[in-house]
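Novice: Next comes the sequence, and after it the predicted model I'd like to discuss.
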Amino acid sequence: MQTYVELVMKEVMSYKHLPLKASINGTTFDTDCFVMAFANAAQYGNNAYIAPMADIKDGKLDVCLVRRLDLIKALNLSYCMLTKTLAHSDSAEYFTTEHVKVYMEEPIMYHADGDYLGKATAFDVQLLPLSLKVVVP
């Protein structure tokens, strides 16, 4: 829990404006953000809830957009993530969709499920419902 708060505070202090273009549900818009998270489940881990209303079985992708932050908004963001109230705060904007396209002018680092994967200037994100095959004895 404390790790997330410390990380958010560190990032807020060194944050650079990240302009991007996003296409969600057929609407394309320009924005800037601190983070854009794509979630199928409600929490990041360690009881930090990025998309508290996400339903892992609905076949939909929950997109959490956190725009520019100052120190006060960052503290509120951290508190809301830990109390599962981020969806009801003014710190984040949510979208539910099946497909997202994101474009940036400069490459940014990205990760999936906490693992660093590289840098890119474009992302095409979607869920493949019922695509995980589980075999049990």
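Specialist: Noted; the coordinates are in hand.
Novice: Please, where are all the helices along this protein?
Specialist: For the chain, helices defined by DSSP state H occupy the ranges 2-14, 71-82.
Novice: for the ones you listed, which one ends up most surrounded?
Specialist: helix 71-82 (a mean of 18; mean count of other Cβ atoms under 10 Å). For glycine as for every other residue, the C-beta is placed from the backbone atoms N, C-alpha and C.
Novice: Going by length in residues, pull out the top strand of the protein.
Specialist: strand 99-112 (DSSP state E).
Novice: Can you give the contact residues for it?
Specialist: 18-24, 36, 38, 61, 63, 116-126 (Cβ atoms under 8 Å, 6 or more residues apart in numbering).
Novice: let's go with 6 Å and repeat that
Specialist: Contacts with strand 99-112, where a contact means Cβ atoms under 6 Å, 6 or more residues apart in numbering, come from 20-24, 63, 117, 119-126.
Novice: buried sites along that strand?
Specialist: For strand 99-112, burial by neighbour count (16 or more other Cβ atoms under 10 Å) applies to 100, 102, 103.
Novice: Please report how far the closest residue to the second one other than its chain neighbours lies from residue 61.
Specialist: What that stands for is residue 102. Excluding the flanking residues, the one nearest residue 102 by Cβ to Cβ, 6 or more residues apart in numbering is residue 123, at 4.4 Å. Distance from residue 123 to residue 61, counting by Cβ to Cβ, to the nearest Å: 12 Å.
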